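K.L.:
My questions are about this predicted structure, shown below with the sequence.
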Amino acid sequence: MIKPGQFVARTVLAFAGLACIVPVARAQSSDAPPAGNAQNGKKLFMSDGCYECHGRMGQGAAQTGAARIGPPLLSFEVFQGYVRAPGNNMPPYSSKALPDKDLADIYAYLKSIPMPPKGKDIPLLNK
(Lines give C-alpha, C1' and ligand atoms only; values in the text may rest on other atoms or scores of the structure.)
Protein backbone atom coordinates (compact mmCIF):
# COMPACT_ATOMS: atom_id res chain seq x y z
CA MET A 1 0.00 0.00 0.00
CA ILE A 2 1.38 3.39 -0.97
CA LYS A 3 1.24 5.98 1.77
CA PRO A 4 0.37 9.61 0.87
CA GLY A 5 3.94 10.82 1.34
CA GLN A 6 5.27 8.09 -0.94
CA PHE A 7 2.83 9.04 -3.68
CA VAL A 8 3.87 12.70 -3.52
CA ALA A 9 7.55 11.77 -3.56
CA ARG A 10 7.09 9.43 -6.53
CA THR A 11 5.05 12.02 -8.41
CA VAL A 12 7.66 14.72 -7.80
CA LEU A 13 10.42 12.39 -8.95
CA ALA A 14 8.45 11.40 -12.04
CA PHE A 15 7.89 15.03 -13.05
CA ALA A 16 11.51 15.88 -12.26
CA GLY A 17 12.51 13.13 -14.67
CA LEU A 18 10.20 14.56 -17.32
CA ALA A 19 11.73 18.00 -16.84
CA CYS A 20 15.09 16.55 -17.83
CA ILE A 21 13.62 15.13 -21.05
CA VAL A 22 11.68 18.24 -22.10
CA PRO A 23 14.58 20.43 -23.36
CA VAL A 24 16.00 17.62 -25.51
CA ALA A 25 12.62 16.67 -26.94
CA ARG A 26 11.65 20.26 -27.72
CA ALA A 27 14.86 20.81 -29.63
CA GLN A 28 14.01 17.84 -31.87
CA SER A 29 10.23 18.14 -32.03
CA SER A 30 7.90 19.54 -34.58
CA ASP A 31 4.88 21.40 -33.26
CA ALA A 32 2.29 18.92 -34.52
CA PRO A 33 2.00 15.45 -33.02
CA PRO A 34 1.84 12.57 -35.50
CA ALA A 35 -1.60 11.74 -36.77
CA GLY A 36 -3.17 9.04 -34.67
CA ASN A 37 -6.42 7.14 -34.56
CA ALA A 38 -8.14 7.85 -31.22
CA GLN A 39 -10.53 4.88 -31.52
CA ASN A 40 -7.67 2.46 -32.11
CA GLY A 41 -5.73 4.22 -29.34
CA LYS A 42 -8.54 3.56 -26.88
CA LYS A 43 -8.54 -0.14 -27.83
CA LEU A 44 -4.75 -0.31 -27.38
CA PHE A 45 -4.91 1.62 -24.09
CA MET A 46 -7.29 -1.03 -22.75
CA SER A 47 -5.76 -4.15 -24.35
CA ASP A 48 -2.16 -3.22 -23.48
CA GLY A 49 -3.18 -2.65 -19.87
CA CYS A 50 -2.40 1.08 -19.61
CA TYR A 51 -5.75 1.60 -17.88
CA GLU A 52 -4.76 -0.79 -15.07
CA CYS A 53 -2.48 1.84 -13.55
CA HIS A 54 -3.56 5.10 -15.20
CA GLY A 55 -7.34 4.58 -15.12
CA ARG A 56 -9.70 4.24 -18.08
CA MET A 57 -9.58 7.96 -18.80
CA GLY A 58 -5.89 8.42 -17.97
CA GLN A 59 -6.87 10.09 -14.68
CA GLY A 60 -4.10 8.40 -12.67
CA ALA A 61 -4.48 6.53 -9.40
CA ALA A 62 -3.10 7.04 -5.91
CA GLN A 63 -3.27 3.27 -5.32
CA THR A 64 -0.76 2.51 -8.07
CA GLY A 65 1.23 5.74 -7.93
CA ALA A 66 0.47 6.24 -11.61
CA ALA A 67 0.36 9.81 -12.86
CA ARG A 68 -2.54 11.47 -14.65
CA ILE A 69 -1.80 11.16 -18.36
CA GLY A 70 -5.10 12.14 -19.96
CA PRO A 71 -5.40 14.48 -21.64
CA PRO A 72 -1.62 14.83 -21.99
CA LEU A 73 -0.11 18.25 -21.47
CA LEU A 74 3.21 17.03 -22.85
CA SER A 75 4.25 17.03 -26.49
CA PHE A 76 4.17 13.68 -28.26
CA GLU A 77 7.97 13.54 -28.26
CA VAL A 78 8.18 13.94 -24.48
CA PHE A 79 5.35 11.43 -23.99
CA GLN A 80 7.11 8.98 -26.29
CA GLY A 81 10.45 9.48 -24.54
CA TYR A 82 8.88 8.81 -21.17
CA VAL A 83 7.06 5.65 -22.34
CA ARG A 84 10.31 4.34 -23.82
CA ALA A 85 12.44 5.18 -20.74
CA PRO A 86 10.24 5.93 -17.69
CA GLY A 87 11.79 7.28 -14.53
CA ASN A 88 9.59 5.49 -11.99
CA ASN A 89 7.96 2.08 -11.47
CA MET A 90 6.41 2.01 -14.92
CA PRO A 91 7.98 -0.63 -17.15
CA PRO A 92 9.66 0.65 -20.33
CA TYR A 93 7.88 -0.06 -23.60
CA SER A 94 10.32 -0.42 -26.48
CA SER A 95 9.29 0.34 -30.05
CA LYS A 96 9.31 -3.41 -30.63
CA ALA A 97 6.73 -3.97 -27.86
CA LEU A 98 4.71 -0.81 -28.67
CA PRO A 99 5.35 0.55 -32.18
CA ASP A 100 5.45 4.33 -32.70
CA LYS A 101 2.21 4.18 -34.71
CA ASP A 102 0.39 2.47 -31.81
CA LEU A 103 1.86 4.97 -29.36
CA ALA A 104 0.62 7.81 -31.60
CA ASP A 105 -2.85 6.24 -31.53
CA ILE A 106 -2.77 6.04 -27.71
CA TYR A 107 -1.64 9.68 -27.58
CA ALA A 108 -4.54 10.64 -29.89
CA TYR A 109 -6.96 8.81 -27.58
CA LEU A 110 -5.58 10.60 -24.51
CA LYS A 111 -5.79 13.95 -26.37
CA SER A 112 -9.46 13.24 -27.16
CA ILE A 113 -10.34 13.12 -23.45
CA PRO A 114 -11.78 16.45 -22.30
CA MET A 115 -10.04 18.36 -19.52
CA PRO A 116 -11.79 18.02 -16.15
CA PRO A 117 -13.64 21.10 -14.90
CA LYS A 118 -11.76 23.54 -12.70
CA GLY A 119 -12.69 23.52 -9.01
CA LYS A 120 -14.18 27.01 -9.27
CA ASP A 121 -16.61 25.70 -11.91
CA ILE A 122 -18.02 22.93 -9.69
CA PRO A 123 -20.94 24.39 -7.69
CA LEU A 124 -20.74 21.83 -4.87
CA LEU A 125 -17.13 22.82 -4.15
CA ASN A 126 -18.01 26.49 -3.93
CA LYS A 127 -20.64 26.33 -1.16
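P.N.:
Received it, and whenever you're ready, just let me know what you need.

K.L.:
Show the end-to-end separation of stretch 117-127, please.
P.N.:
In terms of Cα to Cα, to the nearest Å, the two terminal residues of stretch 117-127 are separated by 16 Å.

K.L.:
pLDDT of that stretch, averaged?
P.N.:
Averaging pLDDT along stretch 117-127 gives 90.

K.L.:
now swap in stretch 50-66 and tell me
P.N.:
Computed over stretch 50-66, the average pLDDT equals 93.

K.L.:
Buried residues in that stretch, which are they?
P.N.:
For stretch 50-66, the neighbour count (16 or more other Cβ atoms under 10 Å) marks 50-51, 53-55, 57-58, 60-61, 65-66 as buried. Where C-beta positions appear, they are placed from N, C-alpha and C, glycine not excepted.

K.L.:
Identify the residues contacting the residue nearest the centre of the chain.
P.N.:
Nearest residue to the geometric centre of the chain (Cα atoms, centre = their mean): residue 69, 2.7 Å. Applying Cβ atoms under 8 Å, 6 or more residues apart in numbering to residue 69 gives the contacts 54, 58, 60, 79, 110.

K.L.:
ok, 7 Å please
P.N.:
Residues near residue 69 by Cβ atoms under 7 Å, 6 or more residues apart in numbering: 54, 58, 60, 110.

K.L.:
These in helices, which ones?
P.N.:
When those are checked against helices (DSSP state H), the matches are 54, 110.

K.L.:
farthest-separated two in the contacts of residue 69?
P.N.:
The largest separation in the contacts of residue 69, counting by Cβ to Cβ, is between 60 and 110 at 11.8 Å.

K.L.:
still on that earlier bit, just name the closest of the contacts of residue 69 to residue 75, please.
P.N.:
residue 110 (12.5 Å).

K.L.:
where does the chain have low pLDDT?
P.N.:
For the chain, residues meeting the criterion pLDDT under 70 lie at 1-31, 33.

K.L.:
Show me the helices in it, by range?
P.N.:
Under DSSP H, the chain gives helices at 4-28, 38-47, 50-54, 76-84, 100-112.
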